[in-house]
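Engineer: give me the fold of what follows.
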Amino acid sequence: LDPPSKRPTRTRANLSILVAASFLQGIECVVMAGLMAFFPRVAAETSGGSAVTVGCIFAIFPLLQAFVSPAVPWLCRRIGSRIRVTQLGLAGSAVALAGFARAETIWAWAAWRAAQGVACALVDVPTMAMLLSHSRDIAEDTGLLEACVGIVYMVGPALGGVLYQQLGFQRTFDVWAGMFVATLAASPLLFRGVAGAEVTLRDEPDSARRAGIGTRTVRVALACFLFSNASLGFYDATISTHVHATLALSPSEIGLVYLAPSLVYFCR
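Structural biologist: Numbering: from 1, shown residues only. All right, here's what the predicted structure looks like:
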């Protein structure tokens with residue numbers, strides 16, 4: 001590592017996009033982590049959803065996110081602005097959460113969960129592209145970003161459980177949808193001073209970047225990432241129902257069960 005005196009100073013643009021990326025990742029993770037504490041139980045009690053069914057509803061979010069993400073750079077070039085695509089994703093997230101709150105069947109929940117995955121891709125990809133464009137030290141910036149995600153994963157399930165107990169199912173998701181609407185309204189301030197957000201159809205990725213996916217290191221990293229997230233998905237879909245059935249814990253207490261593994265995620 002370079003000594004601190006030789007590292008490039010953090011620019012305003014770098015700081016702005018790092019804060020924006022951390023905040024956007026944070027509010028997405030609040031929803032993803034928050035519903036773990038109560039949704040499997042709600043699905044089982046209201047629609048007879050089994051653990052497999054709940055697992056599929058959880059899985060459809062990253063599945064659609066994975067399918068849509070490769071097309072997002074083209075959409076950014078087509079629209080001409082990464083920020084506008086991010087704003088489109090924020091609006092889509094708000095609509096999808098409001099729809100999820102009012103769904104009453106397994107199929108409707110799955111459809112709205114898929115819409116959330118698409119919207120998440122529209123937020124994450126352009127935001128990370130802007131972060132890469134302005135990063136002075138991508139390892140340090142990624143570490144700070146993941147630390148933010150770790151904090152949210154620690155408090156998200158407990159927060160989701162408390163909101164559900166106090167407000168009920170629909171109002172909890174309405175609160176989360178309102179959070180995305182507020183972020184959309186504040187996005188001009190959030191991205192102030194960020195250059196490199198404007199792109200055109202001529203801004204094609206160079207051959208080195210296109211070939212990067214073919215390297216062995218990248219393939220191994222992607223495989224490890226896929227395996228770790230699949231393992232987390234199995235845990236998310238079953239733990240709250242199992243803990244409620246065996247220990248009769250409330251949603252807020254179930255949220256606290258997630259604290260230990262989330263603390264390990266944060267400390268990594």
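Engineer: leaving out the residues flanking it, which one is nearest to Met179?
Structural biologist: Excluding the flanking residues, the one nearest Met179 by C-beta to C-beta, 6 or more residues apart in numbering is Ile27, at 5.7 Å. For the C-beta atoms, the positions are set from N, CA and C on the backbone; glycine is no exception.
Engineer: show the contacting residues for the one you found.
Structural biologist: Ile27 makes contacts with 179-180, 183, as judged by C-beta atoms under 8 Å, 6 or more residues apart in numbering.
Engineer: that one sits in which helix or strand?
Structural biologist: Element membership of Ile27, judged by DSSP states H and E, is helix 12-34.
Engineer: can you pick the most crowded of the contacts of Ile27?
Structural biologist: Phe180 (25 neighbours; other C-beta atoms under 10 Å).
Engineer: could you pull up phi and psi at that one?
Structural biologist: The phi/psi pair for Phe180 (degrees, to the nearest 10) reads phi -70, psi -40.
Engineer: what about the residue lying closest to it once chain neighbours are set aside, how many neighbours?
Structural biologist: Setting aside the residues directly before and after it, Phe180 is nearest to Ala94 in space (C-beta to C-beta, 6+ apart), at 4.0 Å. Ala94 has 21 neighbours, counted by other C-beta under 10 Å.
Engineer: could I get the pLDDT score of Ala94?
Structural biologist: Confidence at Ala94, expressed as pLDDT, is 95.
Engineer: if I look at it, how far off is Arg41?
Structural biologist: The gap separating Ala94 from Arg41 is 25 Å, by C-beta to C-beta, to the nearest Å.
Engineer: got it, and Leu131?
Structural biologist: Note on Leu131: its distance to Arg41, by C-beta to C-beta, is 37 Å.
Engineer: same deal with Leu75?
Structural biologist: 37 Å.
Engineer: same check, this time on Leu63
Structural biologist: 23 Å.
Engineer: tell me which of those two has more neighbours.
Structural biologist: Arg41 (19 against 14).
Engineer: look up the closest residue to Gly92, ignoring the ones flanking it.
Structural biologist: With C-beta to C-beta, 6+ apart, the residue lying closest to Gly92 is Ala119, at 3.4 Å.
Engineer: which helix or strand contains that neighbour?
Structural biologist: helix 106-134.
Engineer: could you tell me the angle between that helix and helix 12-34?
Structural biologist: 160 degrees (axes from the mean of the first three to the mean of the last three C-alpha atoms, to 10 degrees).
Engineer: tell me which residues in the next helix or strand after helix 106-134 are buried?
Structural biologist: Next along the chain after helix 106-134, taking DSSP H and E as the criterion, comes helix 138-167. Within helix 138-167, the residues that count as buried by 16 or more other C-beta atoms under 10 Å are 141-142, 145, 148-165.
Engineer: for helix 138-167, the averaged confidence score.
Structural biologist: Here the average pLDDT along helix 138-167 is 80.
Engineer: so which elements touch it?
Structural biologist: helix 12-34, helix 106-134, helix 169-190, helix 251-257, helix 259-267 (3 or more C-beta pairs under 8 Å, 6 or more residues apart in numbering; DSSP states H and E).
Engineer: next, the angle from the helix or strand harbouring the residue nearest to Phe180 to helix 106-134.
Structural biologist: In this assignment (DSSP H and E), Ala94 forms part of helix 82-102. When the same axes, to 10 degrees is applied, the directions of helix 82-102 and helix 106-134 differ by 160 degrees.
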